[in-house]
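> Test case, fold it:
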Amino acid sequence: MISQRVFLDANIFIAAVASSRGGSRLLFALAAEGILQVVTVRHALLEAERNIREKLGEEHLDTYYHLLLKSRVEVQPLATISVREVTACERIVPRKDVPILLGAIKSGADFLVTLDRR
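Numbers count the residues shown, from 1 in each chain. So this is what the prediction gives:
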């Protein structure tokens, strides 16, 4: 039984691919066991894929895709966001992080997990 919905920023996907022992990878293991539901937005998935390709190398994409499939990542759509919601979020986070914050809010996630310091 899944008890917590955890929204992941792109950097968590990258860290999980880069290290099989870190906390980021543990989140995917817990999701694969059905303990957590991993949620994100398409924006984060594309950013993670691009950064994995550029920083870790094309060969690491298989690990990325495997983690996505095994943990049954749920993708939160952002088609219904308003200009007002975007403007409100821009007061809280940098513009590049607005899709992440809005996705976490819209998904009803219990937690937003990121490696960002701000």
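> Please enumerate the strands of this structure.
Secondary structure of the chain (DSSP state E): strands at 4-8, 36-40, 74-75, 111-113.
> Please identify the most buried of those.
strand 36-40 (a mean of 24; mean count of other C-beta atoms under 10 Å). C-beta coordinates here come from the backbone N, C-alpha and C atoms, glycine included.
> And the spatially most distant residue from the centre of the chain, how far from residue 8?
Ranked by distance from the centre of the chain (C-alpha atoms, centre = their mean), the top residue is residue 84, with 23.4 Å. Distance check for residue 84 against residue 8: by C-beta to C-beta, to the nearest Å, it reads 26 Å.
> and the residue nearest to residue 109 when sequence neighbours are not counted, what are its bridge partners?
Excluding the flanking residues, the one nearest residue 109 by C-beta to C-beta, 6 or more residues apart in numbering is residue 7, at 3.7 Å. Beta-bridge pairing for residue 7 (DSSP bridges): residue 39, residue 112.
> Low-confidence ranges, the chain, go.
For the chain, applying pLDDT under 70 flags the ranges 1, 118.
> count of neighbours near residue 31?
Other residues within reach of residue 31, judged by other C-beta atoms under 10 Å, total 23.
> swap in the one 3 residues further on?
Each residue near residue 34 was counted by other C-beta under 10 Å, and the total is 12.
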